[in-house]
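# Sequence and predicted structure are below.
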Amino acid sequence: MPDEAPWTLFGPESEVRQKGLVGRTINGREVAVAAAGERIVAIQRRCPHEGANLDDGQVFAAKAIKCPLHGFIFDLFTGKGLNCPAFHIATYQTKIENGVVYVKID
Ligand code: FES
């Protein structure tokens, strides 16, 4: 059985809440963390279409993100392309401890 991926520190929850979207490279992976209503969610940072930074996009309805380049929309919780069914983004588990966001990247 493979080892479970460790939790990796992403950054302050307050920064994510203030900005709404924050992108970073952690463990060599491009990750974006978003405030989706009360939840904090993590997704791959680069759009699978042509590689735009999704953290330059827009979160709406507390559950979806719109790519800034061509407007593809992805579900923040499932990664499913909502107006682009051929596309999908990775989602990662998150947890918050003492005001710090951690992401589990497999
Ligand atoms: S690069 Fe994101 S929709 Fe085209």
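Done, it's in.

# Kindly state the pLDDT recorded for the closest residue to residue 7 other than its chain neighbours?
Distances taken as CB to CB, 6 or more residues apart in numbering place residue 102 nearest to residue 7, at 4.1 Å, with adjacent residues excluded. No exception for glycine: its C-beta is placed from N, CA and C like everyone else's. Looking at residue 102, its pLDDT is 98.

# swap in residue 106?
The predicted structure scores residue 106 at 78 on the pLDDT scale.

# Nearest spatial neighbour of it, chain-adjacent residues omitted?
Nearest residue to residue 106, sequence neighbours excluded (CB to CB, 6+ apart): residue 5, at 4.3 Å.

# Check the secondary structure at the one you found for me.
Using DSSP: H, G, I helix; E, B strand; the rest coil, the structure places residue 5 in coil.

# which stretches of the chain form helices?
Ranges of helices in the chain, per DSSP state H, are 13-19.
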